[in-house]
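Q: predicted model, plus sequence, below.
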Amino acid sequence: MNKTELTAAVNTRRTFAIISHPDAGKTTITEQMLLFGGVVRQAGTVKARKSGNFAKSDWMEIEKKRGISVTSSVMQFDYDGKRINILDTPGHEDFSEDTYRTLMAVDSAVMVIDSAKGIEPQTKKLFQICKMRGIPIFTFMNKLDRDGREPLDLLNEVEEVLGIETYPMNWPMGMGKGLKGLYDRYNHRVELYHNEAHGETFLPLDENGELDPSNELTKDSIYRDTLDEVELINEAGNDFDEAKVMAGDMTPVFFGSALTNFGVETFLKTYLQYAPKPAAHKTRDDQVVQPTDDEFAGFVFKIQANMNPNHRDRIAFVRICSGEFDRGMDVVLQRTGKKMRLNNSTQFMADTRETVETAVAGDIVGLYDTGNFQIGDTIYAGKNAVQFEKLPQFTPELFMRVTAKNVMKQKSFHKGIEQLVQEGAVQLYTSYSTGDYILGAVGQLQFEVFKFRMQNEYNSEVVMEPMGSKTARWIDPEQLDEKMSSSRNLLVKDRYGAPLFLFENAFAERWFADKYPDVKLTSKL
Ligand SMILES: Nc1nc2c(ncn2[C@@H]2O[C@H](COP(=O)(O)OP(=O)(O)OP(=O)(O)O)[C@@H](O)[C@H]2O)c(=O)[nH]1
């Protein structure tokens, strides 16, 4: 590819994640998008692979599930002249640091909310990571075909709980059984709801924002109510501010129903008009790598181990940040300075893994890995060394004390822990007073994967003792006095040696703050 071709290719890329609390409809909406892209032909394809109740403790079953969710963890398709990469952020027991790190590899996010439930805990957690990155966040208020909460109430909740301004792009005309359509402020039309046909009809609005008076709908009280509400939001609501949207300070909100495919295509089309192209990435020495720079560079944001139980393979997921990726190319792994040839690469499609030949900034490639990569690694081609900024560490919420079952096997136990921690599978803390190892994670699955891999890859059986959820707070070493530690605020150090307390609950935290008013504690996030 020459520069012009590279630029043209990069400009078509749109890479985003869909975030939501489980059951809000993420899979359903993703599937609709894949249908528009012609990647799947039938609704239910993605869902069918996801369904099935796997026993949480049974590794083989998790394995199967992971294998499945991985093939759908990056989905690429073409739509409206754009090449779209959707990155899955798993919910439920799959929730882990991987989920957060996936958000490091996207340029924008779609937040799906169940309009009957509003903001739920997982939406909030994922939103906060997007907010931290300052990426644009678009909102889809789903399940309009059911009776949900008042639209204004939902917008207020988004503003208050998440601290982001909202701009409704459309407004529901009724909901549940009374759903008539969407008043589309942005496209200046009404989108009629046809439940049975799963389709949509568009009616234009006149310059006063009204339908042709001959239309039956104008006689419906729902129509009049909608006009009143739209007038209210026109006058009292926020003005659309593209700069704020791009900075992640305002979220455009769309209403719709993923299940009946209502409002989804309008959403996708409009979203794609604003969704940003692949962004530039900063390096640790404050250089900026542009997506259209000639030399290839990318970073590893996720490592998926044991995808195939028959052979121990791992896949390193790489977000391409610049240049062109070609199968078989030589790159340098920045951390070790080692040269490697990228023969075994894979690109992710909706239902199959295909060997990738070329890819550009914004695309995600999977590299078969025999233990070379760590999360956060940079790979690059060309003469100039590149090292992208460090990926943030996420504050864990769940903790386990871990020991080797067989005291004679300390060596493999330590080796396994060291490597898995480096890889980013879990976080490790050491108790000040006893030297005990404590593992930290954001999701339960991380512990299960850890346990299995210790046994399987390092032949080390571990005993894990749950400590429940705790709040991790770091303390300035200068202010530290080991006497501050108690059973309710256990003093530990992280893998870099920095001291922190694990607080049992909010009460313990307040108690500490009262007792040591001059001590400043910080959460890493
Ligand atoms: N009534 C109604 N149901 C919906 C709609 N969208 C999704 N659902 C249903 O809500 C349930 C959850 O939808 P999913 O798409 O699986 O939700 P998800 O967020 O992917 O959930 P996880 O896969 O569990 O993370 C399913 O039973 C869907 O059929 C909608 O617009 N209206």
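A: Cool, the structure landed.

Q: from what I see, residue 477 and residue 498 are in contact.
A: Yes - assessed by C-beta atoms under 8 Å, residue 477 is found in contact with residue 498 at 7.3 Å. Heads up, the C-betas are built off the backbone N, CA and C, glycines and all.

Q: what about those two, which has more around it?
A: Taking other C-beta atoms under 10 Å, residue 477 and residue 498 do not tie; residue 498 has more neighbours (14 against 10).

Q: if we ignore the residues flanking it in sequence, what's nearest that one?
A: Once flanking residues are discounted, residue 498 sits nearest to residue 474: 6.0 Å by C-beta to C-beta, 6 or more residues apart in numbering.

Q: pLDDT score for that neighbour?
A: Residue 474 carries a pLDDT score of 95 in this model.

Q: sec struct for it, please.
A: Classification of residue 474 using DSSP: H, G, I helix; E, B strand; the rest coil returns strand.

Q: so what's residue 438 up against?
A: Applying C-beta atoms under 8 Å, 6 or more residues apart in numbering to residue 438 gives the contacts 399, 400, 401, 402, 428, 429, 430, 431, 467, 492, 502.

Q: which of the residues you listed are buried?
A: Buried members of those, scored by 16 or more other C-beta atoms under 10 Å, are 399, 400, 401, 402, 428, 429, 431, 467, 492, 502.

Q: tabulate the residues you listed (JSON lines), appending distance to the ligand.
A: JSON lines is the format used below for these (distance: C-beta to the nearest ligand atom, whole Å):
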{"residue": "399", "distance to the ligand": "25"}
{"residue": "400", "distance to the ligand": "25"}
{"residue": "401", "distance to the ligand": "30"}
{"residue": "402", "distance to the ligand": "29"}
{"residue": "428", "distance to the ligand": "29"}
{"residue": "429", "distance to the ligand": "30"}
{"residue": "431", "distance to the ligand": "36"}
{"residue": "467", "distance to the ligand": "27"}
{"residue": "492", "distance to the ligand": "33"}
{"residue": "502", "distance to the ligand": "29"}
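
Q: all helices for this structure, in order.
A: Under the criterion DSSP state H, the chain contains helices at 3-12, 26-36, 45-50, 59-71, 97-102, 121-133, 151-157, 221-236, 242-247, 264-274, 410-423, 444-458, 506-515.

Q: against which helices or strands is the last one packed?
A: Contacting helix 506-515 under the criterion 3 or more C-beta pairs under 8 Å, 6 or more residues apart in numbering; DSSP states H and E are the following elements: strand 471-475, strand 489-493, strand 499-503.

Q: domain-wise, how is this structure divided?
A: Domain assignment for the chain by the TED database gives 15-64+106-272, 279-378, 396-520.

Q: comparing these, which gets the lowest mean pLDDT score?
A: With a mean of 82, domain 279-378 has the lowest mean pLDDT of those.

Q: how long is that one from one end to the other?
A: One end of domain 279-378 to the other measures 16 Å (C-alpha to C-alpha, to the nearest Å).

Q: how far does that domain sit from the chain's center?
A: 18 Å (C-alpha atoms, centre = their mean, to the nearest Å).

Q: could you dump the helices of the chain to CSV with mean neighbour count and distance to residue 163?
A: Formatted as CSV, those follow (neighbours: other C-beta atoms under 10 Å; distance: least, C-beta to C-beta, whole Å):
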stretch, mean neighbour count, distance to residue 163
helix 3-12, 15, 32
helix 26-36, 23, 22
helix 45-50, 15, 32
helix 59-71, 17, 31
helix 97-102, 23, 19
helix 121-133, 18, 8
helix 151-157, 17, 11
helix 221-236, 14, 19
helix 242-247, 14, 13
helix 264-274, 18, 21
helix 410-423, 17, 33
helix 444-458, 20, 28
helix 506-515, 13, 20
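
Q: now distance to residue 210 too, for the ones you listed, in CSV please.
A: As requested, the helices of the chain are exported to CSV (distance: least, C-beta to C-beta, whole Å):
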stretch, distance to residue 210
helix 3-12, 38
helix 26-36, 30
helix 45-50, 40
helix 59-71, 47
helix 97-102, 44
helix 121-133, 35
helix 151-157, 19
helix 221-236, 7
helix 242-247, 27
helix 264-274, 20
helix 410-423, 60
helix 444-458, 52
helix 506-515, 52
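
Q: for residue 95, find the nearest of the domains of the chain.
A: Proximity to residue 95 (C-beta to C-beta) singles out domain 396-520 among those, at 3.7 Å.

Q: I'd guessed residue 278 sits against residue 13; true?
A: Yes - the pair residue 278 / residue 13 is scored as a contact, 5.2 Å apart, by C-beta under 8 Å.

Q: name the residues contacting each of those two.
A: Taking C-beta under 8 Å, 6+ apart as the criterion, residue 278 and residue 13 both touch 361, 362.

Q: residue with max distance from the center of the protein?
A: In the chain, the greatest distance from the average C-alpha position (C-alpha atoms, centre = their mean) is reached by residue 214, at 46.6 Å.

Q: quick one on the thing from earlier: now, which of the contacts of residue 438 lie within strands?
A: Using DSSP state E, the subset of the contacts of residue 438 located in strands is 399, 400, 401, 402, 428, 429, 430, 431, 467, 492, 502.

Q: what does the stretch 251-400 of the chain have sitting close to the ligand?
A: By the rule C-beta under 6 Å from any ligand atom, the part of the stretch 251-400 of the chain lying against the ligand is 257, 258, 259.

Q: which ones among these lie within strands?
A: Among those, no member lies in strands (by DSSP E).

Q: relative to residue 101, which of those residues is nearest.
A: Checking these against residue 101 by C-beta to C-beta gives residue 258 as the nearest, at 26.0 Å.

Q: what residues are up against that closest one?
A: 25, 28, 29, 32, 112, 140, 142, 143, 264.

Q: relative to the ligand, how far out is the second one?
A: What that stands for is residue 28. Separation of residue 28 from the ligand (C-beta to the nearest ligand atom, to the nearest Å) stands at 3 Å.

Q: next, give phi and psi for the closest residue to that residue other than its chain neighbours.
A: Of all residues not flanking residue 28 in the chain, residue 258 sits nearest, at 4.1 Å (C-beta to C-beta, 6+ apart). Dihedral pair for residue 258: phi -70, psi -40, per degrees, to the nearest 10.

Q: over to residue 21?
A: Here residue 21 shows phi and psi, under degrees, to the nearest 10, equal to phi -80, psi 150.

Q: list the residues that contact it.
A: By C-beta under 8 Å, 6+ apart, the contact set of residue 21 is 91, 114, 117, 120, 121, 122, 123.

Q: hmm, back to that, columns distance to residue 386 on top of the domains of the chain, output as TSV?
A: Shown next, in TSV, are the domains of the chain (distance: least, C-beta to C-beta, whole Å):
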stretch	distance to residue 386
domain 15-64+106-272	19
domain 279-378	5
domain 396-520	20
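
Q: for the ones you listed, which one sits closest to residue 96?
A: The closest of the domains of the chain to residue 96 is domain 396-520. By C-beta to C-beta, the value is 4.0 Å.

Q: quick one: end-to-end distance for that closest one.
A: Domain 396-520 has its terminal residues 20 Å apart, counting by C-alpha to C-alpha.
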